[in-house]
Structure formats: structure tokens, C-alpha cells
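> Using only what follows, build the 3D model:
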Amino acid sequence: MAFEFPKENEFETPVSVNNKELIGLHTSALENCLNTPKPDCFLKYHGLLTMCLFRKGYYSQAVLVAEKGLQLSFELYETLYPGSPNGYFDNSVSVFGHEYVLLLYGGKASEKVRSQEDSAGFYEHYVKNGHWVHSIVQAAKRAAKIYKKIGNDNKAIDCLKHVLENIRVSPVTQAYIESEIDKSKKTDNDDWVRDHTILIKGYKEFAKADEYPLCLSRIDYEQPELQASHYFLARDLNVFKTENYFWWAMQSLLYYEEIFADIPEYTFTNYQQINGAPSDFFSGDKFYKNRMEILKEKNQGLLKLNLGLEINSRFEAYKDKNIRHLAIDKITKEGLLELVKIVPVNIIVSICDRINRDNLSNRSGLPDLIVYDRQYRSFQFVEVKKKGEKLRHHQKLWLDFLRNNNADVVVCRVVYEG
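Modelled structure (predicted):
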């Protein structure tokens, strides 16, 4: 039975092959793909071929073409963008948009001719190696669904967690994935969170964002955070919003030389000038591994320094530079100097070290507020939530990390009444 490839302006010469010739033609394309001036054409070829095979009922061949096409895409990606993490591209990058077609029809074909475990493995392989954000999310959802169906909840959770920890997704997608994880597994620190939660009830008078020391931060305060700030200020405590921005700034200023160290294959002057970071900055743990020794040396050196003096001089030196994690419009120098008075140097270094170990996964989830007494004798990290609002996965990881580093952490839930 002959198979005819689509003729609608896809190739100069229409291709007709039988089953035996099909895989040979595909293999030939693979061998030549990296030498062609337009390798993305071969990705498009593999995607269309997979789709047509699936629609003609050639399911086994469709899976093979899809698998080889995806491997081609992975190799092409490493050639064009060495060191960049998976999940790097969005809908605007057409080359890797072809991965979606390969994943969609290859996955459907796999589910028809392979075991459920093997089909889930097909999707999971893309989750761990793919490059198109939309495709990775869809693959993770499908893999998790199949793994749950066959009773392998741990595998399902691993796929979903990989997306949260390695891929930048929309808040809606993040909330969905977190809810799926919560359905599958009770988190280890649920009991701790319940025992360290403050309920704020009945507050109708809103705090003002320009009230000292709220002015130490330029980050917008949401109403639950203003209510929580009002609660602590009324108890003669200082409070200001640090969230992620102040810790990014701390990392950027204290580790500037290490971030922009000359690392072969990853430091390109033009790239750094445009993006404010080296090309391996969001490459998972590669950034840390490429600088491990100098980062460890810097950590030890910072423990011996007066961080107030260090931050003061570095802020003036670097405030006008394009640094990805230095959001000058969100922070103040006064806030940074206040922060180093409040938080012990070993905790500051530990927080920066965790961010450095994976800028992509660990850059978010830090508690909203710092609360401290006016004599700087005690402080708390405070995560603010509305009643019924769940802690996100990254926030739970940070809460556990801070607790393990002997920091006092609480969750503050605002309950509106009346």
C-alpha cells in the first residue's frame, strides 16, 4: 500500500513512498539535517510526515518518525543555543514550534500501539528534553494523567514538579500544576504551616504604602500585604516588602564579578549587554557548576565582610548597569542597607547561594515581608496569603530552606470580615 506525502507547497517535488522506503527516507533526512542551510525545514518535514502517517493509520511508523524528529530537534537546539535550558522558547519561535506537531501525533500514535507505561515515557522524555514551553506543559499533563491511570503517582508528580522547577510558565498554568500535585500528595510541611499561621481578622482600615518603613521598598503592596503590615506596625514592629526583588539585588551586587566571570562558551559580550546576564544564567545548575569554585570562595569571603559598607559601595558602582536581577525601580539602597542590619550575614549568604545554584528554579518564592523589632534584635520572614489561598510549590521550598537555616518564618493569613 503506497503512502503519498502532501503536495500543498511543502516541497518542490511531491514524495511518494511505500512502507519499506519510508524509514530509509527519514533516516537520510536525519543524516543531512545539520548540514543544510535551513535545518528547520527538516523539522517541518518530520512533523508533517508524522501527522500524515498517523492519519493513514501507520501508527508504529509515526512513533518512530516522531522520536527521530524530536531527537533531531534536540540536537539542533544544542547546536544553535549551547548551554540554554529546556523550555527556553515560546510561541514566537517557529523553528521549535514544529516540536508540538511531533509530540502531538507521535504521542497519539504511541498510545495506540505501545503500552501505557511506554506512552507515558514518550511524553516524559519530551518534558525533560524539549524546548517549546507550550509543548512541555502539554506533555507533562499527558504523562501525569497516564502515570496516575496505571497507579504510578510518584512518576506523575515528578513530571509536574519538573515543569514547576525548570520552566517559566504563566500563573494560571502554575496554579493548575500545583493543584494537581496537591491532589496526588500531601506536602511534608502542611502540619508545620498550620502551626505557624497568624490569622488577621476584622481589619477594615487599610495601611498606607508610604508609611515608614513601607517606603523602604518600591514594590507594590497588595491589600493583604498592607493589612498584614498594618497588623505588625500596630504592635510596634517594623515591616517592609522584600519579596524576590531585594534578594535578586543582593545577589547581583555581592556576586557581580562571579556572575559575569569569563566562562568559555557562555560569556558573550553582546549577549550580556542586551540581556544583562551571561548565556548560562538560566541554564539550571550549569551556571553554578561553571563557577562553583569562585562562588564558594566568594561565600567564604562575604562572611568576613561588613555587608553594609559592601552594599553601599557596590550599589553606587553598579546601579546604572544592565543587570538582569537588579530591578532598580523596585528596590531602594536604604532598603538593602536595612536588610543587612536585620538578617544575619550567614543567612544572607545562604539565600544568595541557593539562588546561584539554579537561577531559573530558585529565583521566585521568597517570603513577601520582613518583620523586625526596632532594636534589630529579632526578625521574621512573613509569607502573606488570603484565607483559603494555597502556598505555591516554590514558596514551600523556600519556607523549608529558611527554617533549616534557623530563620523564623510564619504564614500570615488575612481574613476579611464585614
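
> any chance you could read off phi and psi for residue 382?
Residue 382 adopts backbone torsions of phi -120, psi 120, taken as degrees, to the nearest 10.

> Can you list the buried residues in whichever strand or helix holds residue 173?
Residue 173 is part of helix 171-184 when elements are defined by DSSP states H and E. Buried residues in helix 171-184, defined by neighbour count with 16 or more other C-beta atoms under 10 Å: 173-174, 177-178, 180-181. C-beta here means a position set from N, CA and C on the backbone, and glycine is covered the same way.

> Closest one to residue 119 out of the residues you listed, please.
Closest approach between the buried residues of helix 171-184 and residue 119, by C-beta to C-beta: residue 180, at 18.7 Å.

> can you pull the pLDDT of residue 61?
On pLDDT, residue 61 comes in at 83.

> Next one: the closest residue to residue 373 other than its chain neighbours relative to residue 120, how far apart?
In space, and not counting its chain neighbours, residue 373 is closest to residue 237: 5.9 Å by C-beta to C-beta, 6 or more residues apart in numbering. Look at residue 237 and residue 120: by C-beta to C-beta, to the nearest Å, they are 50 Å apart.

> returning to what we had before: format the buried residues of helix 171-184 as TSV; extra columns: distance to residue 231.
As requested, the buried residues of helix 171-184 are exported to TSV (distance: C-beta to C-beta, whole Å):
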residue	distance to residue 231
173	32
174	28
177	32
178	27
180	33
181	31
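
> Neighbour count: residue 237 and residue 120, which is higher?
residue 120 (28 against 16; other C-beta atoms under 10 Å).

> so which strand or helix has the more buried one?
helix 116-129.

> got it, and residue 99?
With DSSP H and E as criterion, residue 99 is part of helix 94-113.

> do residue 371 as well
strand 369-373.

> starting at the chain centroid, how far to that strand?
In terms of C-alpha atoms, centre = their mean, to the nearest Å, the centre of strand 369-373 is set 27 Å apart from its chain centre.

> go on, stretch 100-108?
On C-alpha atoms, centre = their mean, the centre of stretch 100-108 falls 24 Å from that of its chain.

> swap in stretch 300-307?
29 Å.

> From what I see, residue 402 and residue 370 are in contact.
No. The criterion here is C-beta atoms under 8 Å, and residue 402 misses it with residue 370 at 11.5 Å.

> For the two, indicate the residue with more neighbours.
Using other C-beta under 10 Å, the more surrounded residue of residue 402 and residue 370 is residue 370, with 24 against 20.

> What residues are recorded as beta-bridge partners of the more buried one?
residue 240, residue 381 (DSSP bridges).

> what's the distance between it and residue 228?
12 Å.

> Just the CA atoms from the helix holding residue 99 would do, formatted as CSV, please.
In CSV, the C-alpha atoms belonging to helix 94-113 read as follows (Å, rounded to 0.1, in the frame of the first residue of the first chain):
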residue,chain,number,x,y,z
SER,A,94,8.7,29.0,14.8
VAL,A,95,11.6,26.5,14.5
PHE,A,96,10.8,24.7,17.7
GLY,A,97,7.1,25.1,17.2
HIS,A,98,7.3,22.1,15.0
GLU,A,99,8.1,20.1,18.1
TYR,A,100,4.4,20.4,19.0
VAL,A,101,3.3,18.6,15.9
LEU,A,102,5.8,15.8,16.5
LEU,A,103,4.8,15.5,20.1
LEU,A,104,1.0,15.6,19.4
TYR,A,105,0.8,13.0,16.7
GLY,A,106,3.7,10.9,17.9
GLY,A,107,2.1,10.8,21.4
LYS,A,108,-1.3,9.8,20.0
ALA,A,109,0.3,7.1,17.8
SER,A,110,2.3,5.8,20.8
GLU,A,111,-0.9,5.4,22.9
LYS,A,112,-2.4,3.3,20.1
VAL,A,113,0.4,0.8,19.7
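
> tell me the mean pLDDT for that helix?
Rounded mean pLDDT across helix 94-113 is 81.

> quick one: it to chain centroid distance?
For helix 94-113, the distance to the chain centre is 24 Å (C-alpha atoms, centre = their mean).
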